[in-house]
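Colleague: got a structure for you, letters missing:
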């Protein structure tokens, strides 16, 4: 399923419409200044089909400063980056100081790009916090382009579980969180692919913060966001794909890979309980909290039973088998009719009967 839409600007440009707008604006301005101080070079603007491609990967939060391996990157989305060329990891302080870590990570990415041969296609991939770093790399590249630089046509971005994605990111929908990692307030012309898993609380936060949807998203942070392997493959049946063009002319391809079971009920499933009926009853209520994207299609609509059918099967007692009439029943039908006629009439009221004096008396 593909939905195409054109937006005049990214949702993240609406930073001023919130109680913490002033703090967010100051934080964003300071962040942009820090980024501009780190940028020096960019990849060649001339792409060549004969030049081999190269991919640089940034991992998520690990409270460490180590370079991830190529095998870690190849495991994302069931080998989604397999055809993007040679993969190299870029280490950065992936800790809890998101803004400061992003500035350091941006500088390391910029230094790495300076070593790329001219004409080589470059793919920058990031998981979770690594995707946040790449958002600021895009911002720095866009600022350079606006000041007369040549846009790198051979540069593209791929993010997995991005908390700042423009459709379902938790920081996009909760502006107070931008105090820790400001959203990029500028559209980018570089093509970007965003892969998120349904009900991932970091990258697929509900638009309407109902209690049920929020609790399910919070559980999704622990049970869904931590798994971007084969479960995040965009080729999964029922994956929602939307393609839109932002104000800068950049194409954003957004995938929402369906999650078969609600993360809200994962503890019950871990205890060995069957939650299929509960999932079928709660899923429509949770999905109503997502209004900025169409509902993700089921994996197999033909085999997915309706909620009414599942509830009816669970609540309806088993039907009794009809028994054959006994031969003696027909012979005794006459006597049965006589017995009904001779049977006393039911008492009226609450056990009262008329007395001979015309009143009523209690038995």
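Modeller: The structure has been received and is ready for your questions. No experiment lies behind these values; they were computed from the predicted model shown.

Colleague: alpha carbons only for contacts and neighbour counts from here, please
Modeller: Noted.

Colleague: Provide a complete list of residue ranges assigned to strands in the stretch 101-250 of the chain.
Modeller: If DSSP state E, counting those that start in this stretch is used as the criterion, the strands of the stretch 101-250 of the chain fall at 122-127, 155-160, 192-197, 240-245.

Colleague: Make a markdown table from the ones you listed and add mean neighbour count to it.
Modeller: A markdown table is the format used below for those (neighbours: other C-alpha atoms under 10 Å):
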| stretch | mean neighbour count |
| --- | --- |
| strand 122-127 | 25 |
| strand 155-160 | 23 |
| strand 192-197 | 24 |
| strand 240-245 | 18 |
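
Colleague: Any regions of the stretch 201-350 of the chain where pLDDT drops low?
Modeller: 294-350 (pLDDT under 70).

Colleague: right, and the strands of the stretch 101-250 of the chain - which one's nearest residue 264?
Modeller: If you check each of these against residue 264 by C-alpha to C-alpha, strand 192-197 wins as the nearest, at 14.7 Å.

Colleague: strands paired with that closest one, and their directions?
Modeller: Strand 192-197 has the following strand partners under DSSP bridges: strand 155-160 (parallel), strand 251-257 (parallel).

Colleague: would TSV of the ones you listed with distance to residue 56 be doable?
Modeller: Shown next, in TSV, are the strands paired with strand 192-197 (distance: least, C-alpha to C-alpha, whole Å):
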stretch	distance to residue 56
strand 155-160	10
strand 251-257	19
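
Colleague: do you know which of those lies nearest residue 236?
Modeller: Taking those one by one with C-alpha to C-alpha, strand 251-257 is closest: 6.8 Å.

Colleague: who touches the closest one?
Modeller: Here strand 251-257 makes contact (C-alpha atoms under 8 Å, 6 or more residues apart in numbering) with 189-198, 231-234, 236, 238-246, 296.

Colleague: ok, 6 Å please
Modeller: Under the contact criterion C-alpha atoms under 6 Å, 6 or more residues apart in numbering, strand 251-257 has outside partners 191-198, 232, 234, 239-245.

Colleague: and the strands of the stretch 101-250 of the chain as TSV, adding distance to residue 68?
Modeller: Converted to TSV, these look like this (distance: least, C-alpha to C-alpha, whole Å):
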stretch	distance to residue 68
strand 122-127	11
strand 155-160	15
strand 192-197	19
strand 240-245	28
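
Colleague: Which one of those lies nearest to residue 272?
Modeller: Nearest of the strands of the stretch 101-250 of the chain (C-alpha to C-alpha): strand 192-197, 24.2 Å.

Colleague: can you give me the angle that closest one makes with strand 240-245?
Modeller: On the basis of axes from the mean of the first three to the mean of the last three C-alpha atoms, to 10 degrees, strand 192-197 is oriented at 160 degrees to strand 240-245.

Colleague: tell me the mean pLDDT for strand 192-197?
Modeller: Averaging pLDDT along strand 192-197 gives 97.

Colleague: Okay, angle between it and strand 122-127 too, please.
Modeller: On the basis of the same axes, to 10 degrees, strand 192-197 is oriented at 20 degrees to strand 122-127.

Colleague: Contacts for strand 192-197, please.
Modeller: Counting by C-alpha under 6 Å, 6+ apart, 157, 158, 159, 160, 161, 252, 253, 254, 255, 256, 257 sit against strand 192-197.
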